[in-house]
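S.K.: sequence first, then the predicted structure:
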Amino acid sequence: MRNIPIPEHKLLDHLIKRYELKNSRALADMLGMTQGGISKLRYGTNKPSPEFILRVYDTTDLSIEQIRELLKEDDGSNT
């Protein structure tokens, strides 16, 4: 069995830690998404959509500004 490193994703990792979730599958369940959808975000196949941002906002106690700040950390942008 190969060990493939899981890339960091500031927002997803923050949510898993903050809500004491076991893994990305539990995060997907919490957000009402598929595990594949979370995986595509983590690996950069898909960019976070406005719908995803609103889903996180509606499901958690994070503000839109906090969500965007965590997403900015992931894309390396400083704007």
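M.R.: All right, it came through fine. Quantities reported herein were computed from a predicted structural model and do not represent experimental measurements.
S.K.: nearest the geometric middle of this protein, what residue?
M.R.: Taking C-alpha atoms, centre = their mean, the centroid of the chain lies closest to Leu12, which sits 2.8 Å from it.
S.K.: that one touches Leu41, doesn't it?
M.R.: Yes. With contact taken as C-beta atoms under 8 Å, Leu12 and Leu41 are classed as touching, separated by 6.5 Å. Any C-beta I mention is one placed from the backbone N, CA and C, and that applies to glycine too.
S.K.: about what we covered before: what does whatever helix or strand the residue nearest to the centre of the chain lives in contact?
M.R.: Counting by DSSP states H and E, the secondary-structure element that holds Leu12 is helix 10-18. Residues lying outside helix 10-18 but in contact with it, judged by C-beta atoms under 8 Å, 6 or more residues apart in numbering, are 21, 23-24, 26-27, 30, 38, 41-42, 48, 56, 60, 67, 70-71, 73-74.
S.K.: what do you get if the cut-off is 10 Å, keeping everything else the same?
M.R.: When contacts are defined by C-beta atoms under 10 Å, 6 or more residues apart in numbering, helix 10-18 is touched by residues 6-7, 9, 21-24, 26-28, 30-31, 38-39, 41-42, 48, 52-53, 56, 59-62, 66-75.
S.K.: please list only the buried members of the residues you listed.
M.R.: By neighbour count, with 16 or more other C-beta atoms under 10 Å, the contacts of helix 10-18 hold 9, 21, 24, 26-28, 30-31, 38-39, 41-42, 48, 52-53, 56, 60, 62, 67, 70-71, 74 as buried.
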